[in-house]
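Enquirer: show me how the following folds:
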Amino acid sequence: MASSGGRSPEVAASTPTSPVSPDWKERIVYPTILAGIIGSGVGLVSKYRKIHGLGNISATYAANFAIITGCYCGVREFVRASRKSDPDDLLNSAIAGLGSGALLGRLQAGQLGAIRYSIIFALVGTTVDYATTELRPVLTRYLDSLSSKELKLPDWSPIQVLDEEALAKKRAREQQLRAQRNIAIREEES
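Expert: Coordinates of the predicted model:
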């Protein structure tokens, strides 16, 4: 009874234990890791890579992208839990963008930076979340279509899948060529 706080089992079973959904980690950790990877890619093509060094600038961009995305996704998940709304609700994204942009902008550039960053984070975050929501079914359908049919090479491809008979002929030809090469090597040595 310690888990139900002294309530009867019927009341404990009907009361939700937590407003947090079990997949909150996927909505924070995966985007943060992806942002770190994208940030390191941006660092690879940055104009500052010659000045600061490729590894240093890639790591800096990766860390910055990951910090920004982690803050945004964490605030978005906090807003979702506070509002008890759907994870794909775009109002959560806008509020999270305003909040995380204001916090990071204030730390980076003062009061005016807080206003600028909050507007930018709200616009970019909501746009990315909208695009993700719209593209998820398209990507799912595409991946399902790939897995439902057997992948087949085009007829013009130089790569050919051999049946048993063709494979046996190929092995016999390879053995014949190997024997001829060995004879030629022995003649050169003698």
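
Enquirer: wait, isn't Ala63 in contact with Gly36?
Expert: Yes: counting by Cβ atoms under 8 Å, Ala63 does reach Gly36; the two are 7.3 Å apart. Bear in mind the C-beta positions are built from the backbone N, C-alpha and C, glycine included.

Enquirer: the two: which has the busier surroundings?
Expert: Taking neighbours as other Cβ atoms under 10 Å, Ala63 and Gly36 compare with Gly36 leading, 20 against 14.

Enquirer: the closest residue to that one other than its chain neighbours: neighbour count?
Expert: In this structure, Gly36 finds its nearest non-sequential neighbour in Ala66, 3.9 Å apart by Cβ to Cβ, 6 or more residues apart in numbering. By other Cβ under 10 Å, 20 other residues sit near Ala66.

Enquirer: contacts only, for Ala66.
Expert: Residues in contact with Ala66 (Cβ atoms under 8 Å, 6 or more residues apart in numbering) are Thr32, Ile33, Ala35, Gly36, Gly39.

Enquirer: closest one of those residues to Gln180?
Expert: Taking Cβ to Cβ as the measure, Gln180 sits nearest to Ile33 out of the contacts of Ala66, at 54.7 Å.

Enquirer: I'd like the next helix or strand past the helix or strand hosting the closest one.
Expert: Per DSSP states H and E: Ile33 is located in helix 24-44. Helices and strands here follow DSSP H and E; after helix 24-44, the next one along the chain is helix 49-52.

Enquirer: what's the pLDDT at Leu146?
Expert: Leu146 carries a pLDDT score of 74 in this model.

Enquirer: now do the strand or helix carrying it: distance to the chain's middle.
Expert: If you go by DSSP H and E, Leu146 is part of helix 90-148. The chain centroid and the centroid of helix 90-148 are separated by 14 Å under Cα atoms, centre = their mean, to the nearest Å.

Enquirer: let me know the angle separating that helix from helix 24-44.
Expert: 80 degrees (axes from the mean of the first three to the mean of the last three Cα atoms, to 10 degrees).
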